[in-house]
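*Asks:* Below: sequence and its predicted model.
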Amino acid sequence: VDDLASRLLVAAGIPLRYRSCRLDNFKVSAPEPAVRGQLAAALAECRAYADGFLEARGGVKEWGLLFVGPPGGGKTHLAAAVLMGLIERYRVRGRFVELTSLFRQLQNSFDPGAPVSQREILDPLVEAEVLLLDELGAQNPTPWVQDVLYLIINTRYAERRPTLFTTNYRLDEPAATGRAGPERQGSPAALSQRLSPMLVSRLWEMARPVRLEAVEDYRRELKMHRVRA
Ligand SMILES: Nc1ncnc2c1ncn2[C@@H]1O[C@H](COP(=O)(O)OP(=O)(O)OP(=O)(O)O)[C@@H](O)[C@H]1O
Ligand SMILES: [Mg+2]
């Protein structure tokens, strides 16, 4: 990692907890074959994405990845690993954004005398060559939250800039969105209940789903000393 890459890594704003996350230290062993399969497939998707990031016809990928699954399944680990890998390999300007803290920061920017304006916070995110939006849907979807998400995501969509997303919410096939209805027994609420139909439809075009839905909470496994080998 050279000087430029380390500066870009710092500028990406990756939280300390995730700075050592790499595709190479993501473990794919689990007792159940179905879980193992999902972990291996997710890792393979990430590798393929990073390996193919530079398009043959010039430019970079115009689509991103959407990591879906319950808490502790490794979504942020993989997304951060992809982001850091792209920065190190291709020297892209990348940014990590945890959405709940972004909204808190934006709220503070409304105070009179606040050091930065909403635009100064949002412009670099809209313009980043690769953006990671962590915890999509976790925020109470007030009209303001929806507007901000729409501004960021739709501008990136229009400019064909790749975005990585993570979410705990269920991903419905496009045909099912809009009539998601009440929560299914035992399954998480649908992303379409947290985001406007316009945004959900953009997401399908902008990002390929990486499913970690069957994966257990790695944090709990660590606590129980049943760490995957
Ligand atoms: N397969 C794995 N191999 C190695 N470390 C893992 C794996 N899965 C998760 N971890 C580690 O476990 C912790 C929790 O993972 P992570 O934060 O990526 O989960 P998450 O799916 O983003 O959860 P949440 O929905 O709560 O944000 C992190 O420290 C991560 O590095
Ligand atoms: Mg996470």
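*Replies:* All right, it came through fine. Ligands and ions are numbered 1, 2, ... in the order given.
*Asks:* In terms of pLDDT, where does T177 sit?
*Replies:* Taken from the predicted model, the pLDDT recorded for T177 is 46.
*Asks:* I'd like the numbering to begin with 364 instead of 1 from here.
*Replies:* Let's use 364 as the start, then, which means that last one is T540.
*Asks:* how far out from the middle of the chain is the longest helix along the chain?
*Replies:* Among the elements of type helix in the chain, defined by DSSP state H, the one spanning the most residues is helix 396-414. Here helix 396-414 is found 16 Å from its chain centre; the criterion is C-alpha atoms, centre = their mean, to the nearest Å.
*Asks:* tell me which residues in it are buried?
*Replies:* 398-399, 401-402, 405-406, 408-410, 412-413 (16 or more other C-beta atoms under 10 Å). Backbone N, C-alpha and C define where each C-beta goes, glycine included.
*Asks:* Which element is encountered next along the chain beyond that helix?
*Replies:* Beyond helix 396-414 on the C-terminal side, the first helix or strand identified by DSSP states H and E is strand 427-431.
*Asks:* what sits up against that following strand?
*Replies:* The set of residues that contact strand 427-431 without belonging to it, under C-beta atoms under 8 Å, 6 or more residues apart in numbering, is 405, 408-409, 412, 438-439, 441-442, 445, 493, 499, 525-530, 532-534, 566, 569-576.
*Asks:* Neighbouring strands - and their directions - for it?
*Replies:* In its sheet, strand 427-431 lies beside strand 526-530 (parallel), strand 570-574 (parallel), with partners assigned from DSSP bridges.
*Asks:* Good, wrapping up.
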